[in-house]
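> take a look and give me a structure for this.
(chains A and B)
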Amino acid sequence: AQSVTQPDIHITVSEGASLELRCNYSYGATPYLFWYVQSPGQGLQLLLKYFSGDTLVQGIKGFEAEFKRSQSSFNLRKPSVHWSDAAEYFCAVGASGSARQLTFGSGTQLTVLP
Amino acid sequence: DVKVTQSSRYLVKRTGEKVFLECVQDMDHENMFWYRQDPGLGLRLIYFSYDVKMKEKGDIPEGYSVSREKKERFSLILESASTNQTSMYLCASSPGQSNEQFFGPGTRLTVL
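Numbers count the residues shown, from 1 in each chain, chains lettered A, B, ... in the order given. Alright, predicted model coming up:
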């Protein structure tokens, strides 16, 4: 069975600073990988996804993520954070070619200082 | 745009009550999911469904049941609500063989 670890429970950055949120997964084959964002009181919105091909994936709102098979990682990055990026971020892994289920990490809460 | 709606944003119930949470999607998706979200635990899958009238247990099905009588609607039922079921409940749907899920806004349930 697959699993996801987000080692940082809470991250604080200043507005305009760069951001990297870590995600490590465990899965035997090539996974499908996702990053979702959840604003307070809202559902989850898809930021980006990786299925295959180019390991650097561009998403919405200026986010990108890089799939590194050797490190079993799929870290989310943004070069310059905006105050509106304050939210909770979830990494998820899905099994390729099968059950359509996703396994989610425990989330990283992002605080942005003015 | 895919739209997933949930019947209530906030719900307060008493211990022992039967609770229905409704989820409707408007994009003809085959797959539907119910999760609960608790601080520090992320999203945990309760039940999911690949087709009308079929259901599969997720990771934490105890105390819950589901119903899918129509393709667009997936209901989560708490037969006898307990205080440990106080949580945020999220519904999601996805098309066919896709892993990409689309989420509703969530229902915050409080059981007193």
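> how close does the residue nearest the centre of chain A sit to chain B?
Nearest to the mean C-alpha position of chain A, counting by CA atoms, centre = their mean, stands A:Trp35 at 3.5 Å. Distance, A:Trp35 to chain B, by CB to the nearest CB, to the nearest Å: 12 Å. (C-beta placed from N, C-alpha, C; glycine too.)
> likewise A:Tyr32?
Noted for A:Tyr32: a distance of 5 Å to chain B, by CB to the nearest CB.
> show me what contacts that residue?
Counting by CB atoms under 8 Å, 6 or more residues apart in numbering or on different chains, A:Tyr32 touches A:49-51, A:93-96, B:99.
> separation between the residue of chain B found nearest chain A and B:Tyr64?
Here the residue of chain B nearest chain A is B:Asn99; by CB to the nearest CB that distance is 3.3 Å. Counting by CB to CB, to the nearest Å, the gap from B:Asn99 to B:Tyr64 is 23 Å.
> compare those two (neighbour count), which wins?
B:Asn99 (23 against 20; other CB atoms under 10 Å in any protein chain shown).
> B:Phe103 bridge partners, please.
Using DSSP bridges, the bridge partners assigned to B:Phe103 are B:Ala92.
> circling back: so what's the residue nearest to the centre of chain A closest to, chain neighbours aside?
A:Leu47 (4.4 Å; CB to CB, 6 or more residues apart in numbering or on different chains).
> wait, what's in contact with the one you found?
Contacts of A:Leu47 by CB under 8 Å, 6+ apart are A:34-37, A:59-61, A:63, A:76, A:89.
> what about 7 Å?
A:35-37, A:59-61, A:63 (CB atoms under 7 Å, 6 or more residues apart in numbering or on different chains).
> same deal with B:Tyr89?
Residues counted as contacts of B:Tyr89 (CB under 7 Å, 6+ apart) are B:21, B:34, B:36, B:76, B:106-107, B:109.
> show me which residues of chain A sit near chain B.
With CB under 7 Å from any CB of the partner chain as the criterion, chain A comes near chain B at residues A:32, A:42-44, A:46, A:49, A:90, A:94, A:100-102, A:104-107.
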